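Peer 1: Compute the structure for the input listed below.
(one chain, ligands or ions: 1)
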Amino acid sequence: MELDLTKVKNIVFLTGAGVSQESGIKTFRDQNGLWENHSIEEVATPEAYERDPALVHRFYNLRRAQLKEVDPNPAHKAIGHLSQYENFNISVITQNVDDLHERGGVTKVLHMHGELRKIRHNHTGEIRYFEGQVEESEFKIWRPDIVWFGEAIKCSEHIPEVISQADLYIAVGTSSQVYPAAGLVSMASAQGIPTVEINLERTNMSSSYNTTLLGKAGEIVPEFIEKHLKVKL
Ligand code: BV8
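Peer 2: Below is the predicted model:
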């Protein structure tokens, strides 16, 4: 890889479902976008919630329960270890709604699509930490604090500033099919920030990255950090 990373301090990671795949959380593409024979795009929408709150809450109750059965994998832990190093400033912008980056040791996580561990009151807007199962009697009162298709992403006021301060932008485990997440690489490269894509396969945004490293995140991310950032994990 021809990038000179010796002076890198501020690193921004953009992560997708692929970074959690080795922890046992299915990616969206794994299930060819299906859940209970519904397309994710169909379930993860305000319209679906309006039409069938029970179906949508079943989807999120199941995934919230799964959080208790999975653990951070070597990719989460390597990024977490790096974020503890004083000579690096690490920000993780994640499309994932799981808590594995936090549990892997990352202190600055921007959940641009929300979090499974939060619910939001439909009338007051109150956001509450919640790790249990939403009961049927509450289905229409509380919704998952998750960004559905057609809804504005979270952290939009912070993301441009975080990216503008980056010396390096690394995407890990995303098919780069969902916007505005997929387009953030262009925001980085437009500012001359070196960009690296780490993924199991090439994506339709691979040509927008300086380098694409193919393989499993749990292997490539620790290897990249040790070899190119000279950090002993
Ligand atoms: C918005 C929360 C406007 C839900 C999610 C037409 C063209 C362009 C855009 C659009 C369009 N029509 C509509 C849009 C906009 C739309 C969009 O982009 N649609 C797509 C489908 C075309 N976007 C939106 O609606 C966004 N909002 O635009 O709002 C607006 C503005 C102002 C005011 C009002 C409105 C909101 C999008 C957020 C949707 N919510 N998540 C939930 O999680 O339940 S998206 C959800 O799907 C995920 O968060 C994630 O973003 C996406 C899945 O993507 P990935 O994470 O990349 O996962 P995927 O499975 O696809 O890929 C995994 C990759 O990992 C693969 O490449 C695989 O090879 C790799 N991999 C697998 N294993 C490993 C691995 N890599 C390494 N190691 C491994 N072990």
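Peer 1: Pull up the residues of the protein that are close to the ligand.
Peer 2: 16-18, 21-22, 27-29, 41, 44, 95, 97, 113, 146-153, 173-175, 177-179, 181, 199-201, 203, 216-217 (CB under 6 Å from any ligand atom). From N, CA and C alone the C-beta is placed, and that goes for glycine too.
Peer 1: Pull out the buried members of these.
Peer 2: Among the residues of the chain next to the ligand, the ones that count as buried by 16 or more other CB atoms under 10 Å are 16-18, 21-22, 27-29, 44, 95, 97, 113, 146-148, 153, 173-175, 178, 181, 199-200, 203, 216-217.
Peer 1: Just the residues you listed: which are in strands?
Peer 2: Judged by DSSP state E, strands contain the following of those: I146, N199.
Peer 1: how about the strands in this protein?
Peer 2: 10-15, 34-35, 38-39, 89-94, 109-111, 114-121, 127-129, 142-146, 168-172, 195-199, 211-214.
Peer 1: What residues does the residue lying closest to A78 once chain neighbours are set aside make contact with?
Peer 2: Excluding the flanking residues, the one nearest A78 by CB to CB, 6 or more residues apart in numbering is P222, at 4.1 Å. If you count contacts by CB atoms under 8 Å, 6 or more residues apart in numbering, P222 has them with P74, A75, K77, A78, L233.
Peer 1: Now for those residues: which two are most distant?
Peer 2: Using CB to CB, the pair of the contacts of P222 lying farthest apart is A75 and L233, separated by 11.1 Å.
Peer 1: Same drill for the two, tell me which one is more crowded.
Peer 2: Neighbour count, other CB atoms under 10 Å: between A75 and L233, A75 has more, with 31 against 13.
Peer 1: pLDDT-wise, which helix or strand of the protein ranks last?
Peer 2: Lowest mean confidence among the helices and strands of the chain (mean pLDDT, DSSP states H and E): strand 34-35, at a mean of 64.
Peer 1: between the contacts of P222, which is closest to H123?
Peer 2: Closest to H123, out of all of these and judged by CB to CB, is A75, at 39.2 Å.
Peer 1: Any idea which of the strands of the chain has the lowest pLDDT on average?
Peer 2: Comparing mean pLDDT across these, the weakest is strand 34-35, with a mean of 64.
Peer 1: pretty sure V221 contacts V196?
Peer 2: No - the pair V221 / V196 is not scored as a contact, 10.4 Å apart, by CB atoms under 8 Å.
Peer 1: who are the neighbours in contact with the closest residue to N204 other than its chain neighbours?
Peer 2: Nearest non-adjacent residue to N204, counting by CB to CB, 6+ apart: S176, 6.2 Å away. Residues near S176 by CB under 8 Å, 6+ apart: G16, A182, V185, T203, N204, M205.
Peer 1: how far away is E138 from F130?
Peer 2: 10 Å (CB to CB, to the nearest Å).
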